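1. turn this into a model:
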Amino acid sequence: MKHFTYIAEYNLENGGVVLGILSRFKDIMASNVHAVFNREDKHPEKTVNKYLTQMKMDLGQVKAETDALRISAERAQRAVDENMAEQEKLKRYIDKCNESGNTSDALSFQRRLEKVTAEGEVLNQRLIKAENDLDSLRALNEKLTQDMETLESKMNDYNTKMSMAEAQEELNKIASRAGAESTDEMFSRMNDTADRMMDRANAMAELESGRGMTDYDELQSLASKYDDSGNS
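-> Model prediction:
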């Protein structure tokens, strides 16, 4: 498993990223996240979790480098714009000198223009480099994000299945202690016991209800006896 931890430094004077995660661009873009699950590992979940942790660090590094590079690219753009403005100003001076016949002054401005134009070419190349590097960092961000989501999804599926398997194993142990061959048999026994308890409870309720009616009938008969005695 390859780890991608780097220190980013964007230096306009040196023309771009001199050290950073971009140095491993090809390796990261070519990496296959699915290969992690093909490893013969006694504890693959630990390997995947470690890989996920590293990927989160890499993604944070990419975002940090992107922010830093974006600022540098904006600075490079301003430098290019200022250079172009300087070139246009020098051209206007040259035109005015030529119109007034001051060829000597025009030559001075022309030499300055040539120097500024050369500097502009360098600045423009730096801007192009910064923009290309930004595109590469965006690609890395997308690749790492997709890979991380893929791994997290697979790990969630794995953890769910493991939880279900562990729960089933616990039920099997309970069934074994209860003398049942399977959890289905155990639950069948449990349901039979519940049914017997419910039948017994219903029978007792009916019995108590019958006793109540008998006591009431006897009391009514006794009351009628005295009612008849009072009338005679």
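2. show me where the chain has strands.
-> 9-11, 16-19 (DSSP state E).
3. so where is the chain shaky, pLDDT-wise?
-> For the chain, the stretches with pLDDT under 70 are 1-19, 36-41, 175-187, 189-190, 207-232.
4. how many other residues sit next to E88?
-> 10 (other C-beta atoms under 10 Å). Using the backbone N, CA and C atoms, a C-beta is placed for each residue, glycine as well.
5. which helices and strands does the single longest helix found in the chain pack with?
-> Longest helix of the chain, by residue count under DSSP state H: helix 103-177. Using 3 or more C-beta pairs under 8 Å, 6 or more residues apart in numbering; DSSP states H and E, the elements in contact with helix 103-177 are strand 16-19, helix 25-30, helix 44-100, helix 183-231.
6. same thing but 6 Å
-> helix 25-30, helix 44-100, helix 183-231 (3 or more C-beta pairs under 6 Å, 6 or more residues apart in numbering; DSSP states H and E).
7. what angle sits between it and helix 44-100?
-> Following axes from the mean of the first three to the mean of the last three C-alpha atoms, to 10 degrees, one obtains 170 degrees for the angle between helix 103-177 and helix 44-100.
8. ok now helix 103-177, how far from the chain's centre?
-> 14 Å (C-alpha atoms, centre = their mean, to the nearest Å).
9. let's number from 747 now, not from 1
-> OK, 747 is where the count begins now, so the last one is helix 849-923.
10. tell me which residue is most central in this structure.
-> Nearest to the geometric centre of the chain sits E895, at 5.2 Å (C-alpha atoms, centre = their mean).
11. for that one, give its distance to A810.
-> E895 is 20 Å from A810, where distance means C-beta to C-beta, to the nearest Å.
12. just to revisit the earlier point, if you compare the helices and strands packed on helix 849-923, which one is most tucked away?
-> helix 790-846 (a mean of 16; mean count of other C-beta atoms under 10 Å).
13. how far off centre is it?
-> Averaged C-alpha coordinates place helix 790-846 at 28 Å from its chain's average position (C-alpha atoms, centre = their mean).
14. which strands or helices does it pack on?
-> When contacts are defined as 3+ C-beta pairs under 6 Å, 6+ apart, helix 790-846 packs onto strand 755-757, helix 849-923.
15. out of the ones you listed, the one nearest D938 is which?
-> For D938, the closest of the helices and strands packed on helix 790-846 is helix 849-923, at 14.5 Å, according to C-beta to C-beta.
16. sorry, back to before: for A814, find the nearest of the helices and strands packed on helix 790-846.
-> strand 755-757 (5.6 Å).
17. and for the closest residue to L836 other than its chain neighbours, the neighbour number?
-> Among residues not flanking L836 along the chain, L859 sits closest, at 4.2 Å (C-beta to C-beta, 6 or more residues apart in numbering). Neighbourhood size, L859 [other C-beta under 10 Å]: 18.
18. the one 3 residues further on too?
-> Summarising burial for V862: neighbours were counted as other C-beta under 10 Å, giving 16.
19. just L897 next, same as before
-> Counted by other C-beta under 10 Å, the residues lying close to L897 total 19.
20. ok, now which ones touch it?
-> The contact partners of L897, by C-beta atoms under 6 Å, 6 or more residues apart in numbering, come to 779, 798.
21. quick one: it from L859, how far?
-> 56 Å.
22. N937 now?
-> From N937 to L859 the distance is 97 Å (C-beta to C-beta).
23. so for Q914, which of the helices and strands packed on helix 849-923 sits nearest?
-> helix 929-977 (7.5 Å).
24. what separates A911 from Y904, distance-wise?
-> Following C-beta to C-beta, the distance that separates A911 from Y904 is 10 Å.
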